[in-house]
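coordinates only, sequence not included:
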């Protein structure tokens, strides 16, 4: 109910009368009034002018489900939203939902993670009320071998959302790190449950350093935040909604083809490694070369220095070090 | 305790005195006597001869943990065993154990599955006391793209266990169906939880039609059992132990290399499709050809009829129909 009222008020630039709200939502004036009161308690500033109606003039800094749901413009993603003020890990919860047949596109959002995970079991810091932590659950009709590409799709969505909203020079360090001025602004952890023939579900966890102003010692030199880059805090729900909207759009292109053919050009445009020297840490022996961009499978094409051959580099087996601020 | 007594009795061909058992296991005579009584209640026939000691002369048809543990000769696999007289699905339980950090090589055994799963969500029949249903949990240090090969490793272990124990003409229909006289004797379902860089855990569920004597109408023509093929029931624990022992041996070879290089020749020897006509149901268009065996990645090499080219066929994307008893 709160979400519906919020959405109805947001749909209009002008005042919305109580009567109009009742009719639009098919509920009583008392129900509308209760929802308005409850929103006010959550921190929304809602003007009420006699003979005109209600209007939102201020909203709290929140990424709670009703705020996100009332602003999200997607076709199918995020129709089911879970929000937690604090949780161990949004990926962990989303995996539980995956086992329980939660629908494609379900999203888990948290204001704080007490045991947020980065890749390979590393810790990911999500302090309360300043970061954006969320996980999208999808059920692609693709074989497991194609799932690693989802991570690149997600990185691209975060990168472009930041560019569109704030004109910041965000770029991608292959495969999926989003970097501004040489520092990392976002972490993505993709996990899947699969059998040989197909995927049960994929969870894509994303942590975006939104309004963080300090970092633990060990990552201080390699991390940044939107607030640090802009000099002011951002509207976290706006960032979250834009990322989800772009991800839905890109994911649809990816899932239809089963690869990145339709996203390759866009991705390579944002790729910081493009035409740059990279060092490939292949377990069979490290080498250097020039990054030529990704192919439709998301592999990085590298022209090797020693023999001039172009080789395909795959993230599951090697790591690539660039020349950016962090390694 | 029961398992230790059982193992101590089995280690000797002759009688074992109560005194010797006490010393070997470091427990009191009362403890030994209690374990013997409990084993008798489980259906073990244990002779007790004055001045000689105890000897096993009969054992129940069981695949319970103590029976399997006392007979299993492995280096690391199955050191942790779970047994259920009835369970929904051994894979489901093993996945739960996987999330809970159960050790590499943990095995879940069940006498009956009420919701056993086959590939792609199909139902798998596990009637009580006649089938062998078990799941092995492993934690390979390999990228997710290599995990599908585990299924072939498991198929090979089942096939060779049956050949070694009963000299039955078991063979493999690529990728992992074990077939005797054109009928399927075993089903394997491999599931994994992974991220892009690595695998959290893999569970390999196996259902072997051991002492089943009838099948539901819909699979009657394509399924068989060891009892039907041999004309007498088999010792299920013996089959189970041999399969686990061979799987451990083959899995070690697979994990060390990260592919099937060391198993390719052995696999192709048992491959029923070898040099046979196959029909490849590629979503991009079906075609026929001759199967030439697997490559080190477990892909089936098929010499296409129309252009004579050899193509690699991968099980996640296509299915192969042979000329065997079942399709």
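That came through, no problem. All of these numbers come straight from a predicted model, not from anything done at the bench.

From chain B, how far out is residue A:5?
Separation of residue A:5 from chain B (C-beta to the nearest C-beta, to the nearest Å) stands at 39 Å. (Each C-beta comes from the backbone N, C-alpha and C, glycine too.)

looking at it, that residue is touching residue A:21, isn't it?
Yes - with contact defined as C-beta atoms under 8 Å, residue A:5 and residue A:21 form a contacting pair (6.5 Å).

any residues in contact with both of these two?
residue A:32 (C-beta atoms under 8 Å, 6 or more residues apart in numbering or on different chains).

Get me the contact residues on chain A for chain B.
Residues of chain A lying near chain B by C-beta under 8 Å from any C-beta of the partner chain: A:95, A:119-120, A:143-145, A:147-148, A:151, A:175, A:189-198, A:200, A:315-317.

Give me the buried stretch members for stretch A:105-125, please.
Within stretch A:105-125, the residues that count as buried by 16 or more other C-beta atoms under 10 Å in any protein chain shown are A:105-113, A:116-117, A:119, A:124-125.

where's residue A:99 relative to residue B:303, distance?
For residue A:99, the distance to residue B:303 (C-beta to C-beta, to the nearest Å) stands at 42 Å.

Repeat that for residue A:96.
47 Å.

Can you report how many residues neighbour residue A:5?
28 (other C-beta atoms under 10 Å in any protein chain shown).

Return the residues in contact with the nearest residue to it once chain neighbours are set aside.
Spatially, and ignoring its direct neighbours in sequence, residue A:5 is nearest to residue A:35 (4.3 Å; C-beta to C-beta, 6 or more residues apart in numbering or on different chains). Counting by C-beta under 8 Å, 6+ apart, residue A:35 makes contact with A:1-2, A:4-5.

any idea of the mean pLDDT in stretch A:301-311?
In this model, stretch A:301-311 has a mean pLDDT of 95.

scratch that, stretch A:54-71
Stretch A:54-71 shows a mean pLDDT of 90.

gap between it and the chain center?
19 Å (C-alpha atoms, centre = their mean, to the nearest Å).

what sits up against it?
Stretch A:54-71 has contacts (C-beta under 8 Å, 6+ apart) with A:2-3, A:6-7, A:9-10, A:14-18, A:21, A:36, A:42-49, A:78, A:81-83, A:109, A:111, A:129, A:132, A:134, A:211, A:233, A:235-238, A:240-241.

Narrow the residues you listed to those that are buried.
Buried among those (16+ other C-beta under 10 Å): A:2-3, A:6-7, A:9, A:16, A:21, A:36, A:44, A:46, A:78, A:81-83, A:109, A:111, A:132, A:134, A:211, A:235-237, A:240-241.

The lengthiest strand in chain A - contacts with which helices or strands?
Longest strand in chain A, counting residues (DSSP state E): strand A:183-195. Counting contacts by 3 or more C-beta pairs under 8 Å, 6 or more residues apart in numbering or on different chains; DSSP states H and E, strand A:183-195 is packed against helix A:90-99, helix A:148-166, strand A:177-180, strand A:199-208, strand B:183-195.

Please point out which parts of the first one sit buried.
When burial is assessed from 16+ other C-beta under 10 Å, helix A:90-99 yields the following buried residues: A:90-95, A:97-98.

roughly how far out does the helix or strand immediately after that helix in the chain sit from the chain middle?
Later in the chain than helix A:90-99, the nearest helix or strand by DSSP states H and E is strand A:107-110. In terms of C-alpha atoms, centre = their mean, the gap separating the centre of strand A:107-110 from the centre of its chain is 10 Å.

partner strands of strand A:107-110, parallel or antiparallel?
Within its sheet, strand A:107-110 is paired with strand A:81-84 (parallel), strand A:132-138 (antiparallel), according to DSSP bridges.

what's the angle between the last one and helix A:90-99?
Calculated by axes from the mean of the first three to the mean of the last three C-alpha atoms, to 10 degrees, strand A:132-138 forms an angle of 20 degrees with helix A:90-99.

just for the stretch 1-150 of chain A, where's the confidence low?
A:120 (pLDDT under 70).

Relative to chain B, which residue of it is the closest?
residue A:143 (3.6 Å; C-beta to the nearest C-beta).

Mind jotting down where the helices sit in the stretch 201-327 of chain A?
A:226-230, A:236-257, A:264-270 (DSSP state H, counting those that start in this stretch).

now those helices as a markdown table including mean pLDDT and distance to residue A:215?
Shown next, in a markdown table, are the helices of the stretch 201-327 of chain A (pLDDT from 0 to 100; distance: least, C-beta to C-beta, whole Å):
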| stretch | mean pLDDT | distance to residue A:215 |
| --- | --- | --- |
| helix A:226-230 | 95 | 9 |
| helix A:236-257 | 97 | 18 |
| helix A:264-270 | 98 | 24 |
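
Select, out of these, the one closest to residue A:287.
Nearest to residue A:287 among the helices of the stretch 201-327 of chain A is helix A:264-270; the distance by C-beta to C-beta comes to 21.6 Å.
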